[in-house]
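*Asks:* Requesting a structural model of the entry that follows:
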Amino acid sequence: MKTLLITGILIMVLVGIKDLQAEVNPYLQTPTPTSIYISWHSTDSSFTKVHYGLSATGLNQVQAGSFQNISGKIWHTVKLTSLTPDTRYYYRCISGADSSNVYPFRSEPLQGIPGQHIRFVIFGDSRYDDTIPTNFADVCQAVQQTLEAKYGSAWYDSVNIVMHTGDIVYSGLTISRFQTEYFTPISNLSCSIPFMVSIGNHEHESVIYFSYMKYEDFTDSLVATTAYNERFYSFDIAGCRFVILNSNDRIIGAPLQAEWLNKVLTNADTAQAIDFVFPFAHHPYHTEVWTEGNNDSVKVVFFPRFLDHYKVVQYSYGHAHDFEKGVIVDTNSQNFVPHDLHILLTGGGGAGLTRFFHGSHDYPEIQKTVDDYNYTLIDVNVDNKSYTAEVYTLGKPEHPINNQLLDVWHFSMLQPPPDKPVVYPVNTANPVILSASPMVGGDSCMSSRFQITKTQGNYTTLVLDTIRDYEDVFENTGVPDFIPINKNAGIDLTKLEVHDSILILGTHYWYRARYRDYNLKWSPWSDEVGFLYTGITDLNFSSKDFNLSQNFPNPFNTSTIVGYELTACSFVTIKVYDPMGVEIATLVNEEKQAGYYTVEFPVSGLRYPAEIYYVQMKCNDFIQARKMVITK
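*Replies:* Coordinates of the predicted model:
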């Protein structure tokens, strides 16, 4: 017997064992530090065994299993138990005269061991659709290529699981599709890395699907004796909890799933060994490319529960066949570590791509959408309570790309948020431009948020509340290069121009701002600054009833003269306001006959800072204002 090393997988070349005929492709699933399920197809049902050990030539342990006849397909399964955690094993599957090659896998680590990295691959929507050839096998080969480049020939030692976000087959009611569309294309990975699936709608909640998948060990006692057994489940790997939800129509709204989800997330809150929770399901709340795939139930059922628990850091899903990345704002100010929630659509796993069309929509919570084949690699640094994510693209049929890095993001639970910014007085009136000091913190600036209120100190009822992001990638340049378009290219997040349609002349407003960094943490709100909306420019303005002249001199430092003209007897009020909209002087407040008048505004000896001020005239139902500049 001799061994060959091919693409990082040890393959045994069996010599002199003539009774072992057909080669089978193992499928690893449901891993724990001390156990794993190994399943495979074979037509021979004589017996089901796995030989395994600590070396490729020392398979000195044997574990028997059982087989199922799933609609005519023989599915063998062996559960290995009493494994040593975080240890490389070698194994071979044997069912009668059929045998697999010898493959390695690594058992999962225990919690609390220093220096751990938990790594997992995410993709979804890999099914055929009978009209467009699938690229799933190419995606799986690209995944292995990336893992070998990053971690070497023994890449399986460095990656814990592959998460599939559903739609593994076109129809879960047809047995022949499972082997062709799912088990065969993933065979280069599934022999050494366990796969776990969040069921998609194309699986149809079928008996066939649940016969293949062995999730009973991960099903909570709350659910195990119900009709929802294995429909949703969770498991832990070191400092990470994986929560696998069911977003199909008949189950997403089930009270039992909501009760179970609350239980699992609440438990994670107090579990010291759990740092991160990664939920998975098949459906999005919004998808920009394929809006018909939107599912409001995800927002209603899942998001409030995610946001109530600070260890939930990223929700991954599919359904649309592309890549989309976004952020859901944390609305729970009581969270122990406030941060927003990453959302990831990684549905470009091989099925025909969902493409931009006239019904596509740019949603504010999604910052990047690319209609390419793709997959994601997550690397969790358990010691640092942080993770990084890398998305790789294979392009699209008319513009293939050779497994290139498409996007990167990160999160650190321990990194502090940005500093509190300062907002500046409003020095323009048409348009009004709000401005803040640049973000200061340990990360780059991702977003700014400005709010305007008409009630000083009260931001529950708002005139304006807007979040803008450094990046808003939506659509592309088309043939020939399909370059993604960043609609926010060149944006200045420190400033916001306010459309005059939302402001009322002569009204006092207050505003504040804060920043979000790329670690999804918000700075504290700035102190508020007030302003009076005058709606004026530097051009002269007059009406048939009155006219407020520009003061003279302007700028000034001792006093200035304000002139005004009336065409009829009117009650006139002229007041002066500082840049924050605070009244500082009343120059006129009485009835005046028609005519031209002047009034002095003295500032000598008064402590008015050198800034822009506003003089406002009210006459009957009319309001007019001018800017005045006090200098030192």
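
*Asks:* all contacts plus neighbour counts: C-alpha atoms, from now on.
*Replies:* Fine.

*Asks:* roughly how far is stretch 182-195 from the heart of the chain?
*Replies:* 27 Å (C-alpha atoms, centre = their mean, to the nearest Å).

*Asks:* Now tell me what touches the top strand by length along the chain from outside.
*Replies:* Counting by DSSP state E, the longest strand found in the chain is strand 399-412. The contact list for strand 399-412 (C-alpha atoms under 8 Å, 6 or more residues apart in numbering) reads 142, 146, 384-395, 480-482, 518-520.

*Asks:* tell me which residues in stretch 261-278 are buried?
*Replies:* L261, N262, V264, L265, A268, D269, A273, I274, D275, F276, V277, F278 (16 or more other C-alpha atoms under 10 Å).

*Asks:* Model confidence score at the closest residue to G200 other than its chain neighbours, please.
*Replies:* The shortest distance from G200 to any non-neighbouring residue, by C-alpha to C-alpha, 6 or more residues apart in numbering, is to G166 (4.1 Å). What the model reports for G166 is a pLDDT of 98.

*Asks:* A helix includes G166, no?
*Replies:* No. The assignment for G166, made by DSSP: H, G, I helix; E, B strand; the rest coil, is coil rather than a helix.

*Asks:* got the contact list for it?
*Replies:* Applying C-alpha under 8 Å, 6+ apart, we find G166 in contact with 124-125, 197-203, 281-282, 318-319.

*Asks:* So which of those residues is the closest to P109?
*Replies:* Taking C-alpha to C-alpha as the measure, P109 lies nearest V197 of the contacts of G166, at 20.7 Å.

*Asks:* For the closest one, which residues count as its bridge partners?
*Replies:* H164 (DSSP bridges).

*Asks:* what's the neighbour count on it?
*Replies:* 23 (other C-alpha atoms under 10 Å).

*Asks:* For it, give its distance to G350.
*Replies:* Separation of V197 from G350 (C-alpha to C-alpha, to the nearest Å) stands at 16 Å.

*Asks:* cool, and A64?
*Replies:* The gap separating A64 from G350 is 35 Å, by C-alpha to C-alpha.

*Asks:* In terms of neighbours, single out the busier of those two.
*Replies:* Set A64 next to G350 and count neighbours by other C-alpha under 10 Å: G350 wins out with 29 against 15.

*Asks:* mind checking how far the more buried one is from T287?
*Replies:* 18 Å.

*Asks:* same deal with G172?
*Replies:* 24 Å.

*Asks:* coming back round to it: out of the buried residues of stretch 261-278, flag the one nearest to T30.
*Replies:* Checking the buried residues of stretch 261-278 against T30 by C-alpha to C-alpha gives F278 as the nearest, at 16.3 Å.

*Asks:* need the next SSE after the helix or strand harbouring the closest one, C-terminal direction.
*Replies:* Assessed by DSSP states H and E, F278 sits inside strand 276-280. Sequence-wise, the next helix or strand downstream of strand 276-280 (DSSP H and E) is helix 296-297.

*Asks:* Just after that next one, pick out the following helix or strand.
*Replies:* Next helix or strand after helix 296-297 toward the C-terminus (DSSP H and E): helix 303-307.

*Asks:* burial of T34, as a residue count?
*Replies:* Neighbour count of T34, defined by other C-alpha under 10 Å: 17.

*Asks:* Check it and give its pLDDT.
*Replies:* Note on T34: pLDDT of 98.

*Asks:* Likewise for the one 3 residues further on?
*Replies:* Predicted confidence (pLDDT) for Y37: 98.

*Asks:* Okay, V62 and P26: tell me how far apart.
*Replies:* Using C-alpha to C-alpha, V62 is found at 16 Å from P26.

*Asks:* Those two: which is more packed in?
*Replies:* A side-by-side neighbour count of V62 and P26, using other C-alpha under 10 Å, places P26 first with 30 against 15.

*Asks:* quick one, what contacts the more buried one?
*Replies:* I38, S39, W40, H41, C93, S100, S187, S190, C191.

*Asks:* next one: V432
*Replies:* For V432, the residues meeting the contact criterion (C-alpha under 8 Å, 6+ apart) are V426, E497, V498, H499, D500, Y533.

*Asks:* Which ones among the contacts of strand 399-412 lie within strands?
*Replies:* Short answer: the contacts of strand 399-412 in strands (DSSP E) are S386, Y387, T388, A389, E390, V391, Y392, T393, L394, G395.

*Asks:* Using TSV, lay out these together with pLDDT and distance to D379.
*Replies:* Below are the ones in strands among the contacts of strand 399-412 laid out as TSV (pLDDT from 0 to 100; distance: C-alpha to C-alpha, whole Å):
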residue	pLDDT	distance to D379
S386	98	9
Y387	98	5
T388	98	5
A389	98	6
E390	98	9
V391	98	12
Y392	98	14
T393	98	18
L394	98	21
G395	97	23
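
*Asks:* any low-confidence regions in the stretch 401-550 of the chain?
*Replies:* 428-429, 536-544 (pLDDT under 70).

*Asks:* how does it look with 90?
*Replies:* Counting by pLDDT under 90, the stretch 401-550 of the chain has low-confidence residues at 425-431, 499-507, 531-550.

*Asks:* Remind me which helix or strand I467 belongs to.
*Replies:* Using DSSP H and E, I467 falls within strand 464-469.

*Asks:* before we move on, back to that, partner strands of the helix or strand just after the longest strand of the chain and their direction?
*Replies:* As assigned by DSSP H and E, the chain's next helix or strand after strand 399-412 is strand 432-435. In the sheet, strand 432-435 lines up against strand 495-498 (antiparallel) (DSSP bridges).

*Asks:* which residues touch the partner strand?
*Replies:* So strand 495-498 is contacted by P431, V432, I433, L434, S435, A436, F450 (C-alpha under 8 Å, 6+ apart).

*Asks:* Let's have these in a markdown table, adding distance to K575.
*Replies:* Below are the contacts of strand 495-498 laid out as a markdown table (distance: C-alpha to C-alpha, whole Å):
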| residue | distance to K575 |
| --- | --- |
| P431 | 22 |
| V432 | 20 |
| I433 | 23 |
| L434 | 23 |
| S435 | 26 |
| A436 | 28 |
| F450 | 28 |
